[in-house]
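Participant: Give me coordinates for this.
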Amino acid sequence: VQLVESGGGLAQAGGSLRLSCAASGFIFDDYAIGWWRQAPGKEREGVSCITIGDGYPAYADSVKGRFTISSDNPKNTVYLQMNSLKPEDTAVYYCAAGLRAYYSGDYCLYASDYWGQGTQVTVSS
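Facilitator: Sure thing, here's the model as predicted:
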């Protein structure tokens, strides 16, 4: 199983970034894919997720209305479009995966059986 994130970088407050998570080594449709983040000195938190089979998305309250998760199933890739970025969105963002059977609906925010290496997102004020 491999999850590879890309798309992080530096953005100004109010700006946008799009993260990508390319998955391989498992049956994509059987999984929920989520994005977590960890800021310095804070615990890792689930930000958004999608159950691939039905496309159900879920979001943490802190990003609702600003972030959008989507998947391109033929490419085995999940995207996180981040708009209206705030300095408090600064963190290392991780892609994670878990079997959809165990992480359905909003519970997909806890999908964490497999992890990517992370990508840094920095938002300046």
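Participant: wait, Asp113 sits on Ala101?
Facilitator: No. Applying C-beta atoms under 8 Å, one finds Asp113 not in contact with Ala101, separated by 11.5 Å. Backbone N, C-alpha and C define where each C-beta goes, glycine included.
Participant: what about the two, which has more around it?
Facilitator: Asp113 (14 against 11; other C-beta atoms under 10 Å).
Participant: For that one, which non-adjacent residue is spatially closest?
Facilitator: Spatial nearest neighbour of Asp113, chain neighbours left out: Gly98 (4.4 Å); criterion: C-beta to C-beta, 6 or more residues apart in numbering.
Participant: got it, and Ala58?
Facilitator: Taking C-beta to C-beta, 6+ apart as the measure, Ala58 lies nearest to Asp106, with 4.5 Å between them; neighbours along the chain are not counted.
Participant: just to revisit the earlier point, neighbours of the residue nearest to Asp113, how many?
Facilitator: Residues lying near Gly98 (other C-beta under 10 Å) number 20.
Participant: Pull the contacting residues for it.
Facilitator: Gly98 makes contact with 31-32, 34, 108, 110-114 under the criterion C-beta atoms under 8 Å, 6 or more residues apart in numbering.
Participant: do the same with Ser20
Facilitator: Residues in contact with Ser20, defined by C-beta under 8 Å, 6+ apart, are 5-7, 77-79.
Participant: Can you classify Cys95 by secondary structure?
Facilitator: strand (DSSP: H, G, I helix; E, B strand; the rest coil).
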